[in-house]
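**Q** missing the sequence, but the structure's below:
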């Protein structure tokens with residue numbers, strides 16, 4: 001799959017999570033943003049301007065969307081957050097994957 005450049009199931013899930021988070025942040029879906037994730041109010045942010053905080057959760061919720069997406073979202077560059085459309089955001093995610101193959105995996109790849 002690496003030679004063909006195909007996305008693994010894990011990478012596709014994580015990519016889809018980021019796309020949904022982008023839609024929530026930009027207001028492109030009807031779901032209220034603050035139910036899932038909370039924008040950071042810390043003024044000393046390193047990286048981009050839309051850092052998110054994890055909501056408090058019980059152990060059984062550790063695999064929920066709101067918990068899965070926050071760390072990866074906070075690692076995105078500012079240019080991805082400033083994307084004007086979902087298609088531009090997707091193409092930037094592709095460039096990120098090409099540059100950092102393990103960005104979309106939960107466990108670092110050893111190959």
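**A** Okay, I see it. Computed from a prediction, not measured in an experiment: that's the story for all the values here.

**Q** sec struct for residue 29, please.
**A** coil (DSSP: H, G, I helix; E, B strand; the rest coil).

**Q** report pLDDT for it.
**A** On pLDDT, residue 29 comes in at 78.

**Q** residues contacting it?
**A** 20, 23 (Cβ atoms under 8 Å, 6 or more residues apart in numbering). (Glycine included, C-beta is placed from N, CA and C.)

**Q** give me the neighbour count for residue 78.
**A** The tally of other residues near residue 78 (other Cβ atoms under 10 Å) stands at 10.

**Q** any idea how far residue 99 is from it?
**A** Residue 78 sits 15 Å away from residue 99, taking Cβ to Cβ, to the nearest Å as the criterion.

**Q** residue 18 too?
**A** 15 Å.

**Q** which of the two has more neighbours?
**A** For residue 18 and residue 99, the more surrounded residue by other Cβ under 10 Å is residue 18, and the numbers stand at 22 against 8.

**Q** hang on, that one is in a helix, isn't it?
**A** Yes: assessed with three-state DSSP, residue 18 lies in a helix.

**Q** list the contacts for it?
**A** Per Cβ under 8 Å, 6+ apart, neighbours of residue 18: 69, 72, 73, 76, 89, 93.

**Q** mind running it again at 10 Å?
**A** 68, 69, 72, 73, 76, 80, 89, 90, 93, 96, 103, 104 (Cβ atoms under 10 Å, 6 or more residues apart in numbering).

**Q** for residue 103, same thing?
**A** Per Cβ under 10 Å, 6+ apart, neighbours of residue 103: 11, 14, 15, 18, 72, 75, 76, 93, 96, 97.

**Q** filter these down to the buried ones.
**A** Buried members of the contacts of residue 103, scored by 16 or more other Cβ atoms under 10 Å, are 11, 14, 15, 18, 72, 76, 93, 96, 97.

**Q** what's the spacing between the second one and residue 89?
**A** Separation of residue 14 from residue 89 (Cβ to Cβ) stands at 14 Å.
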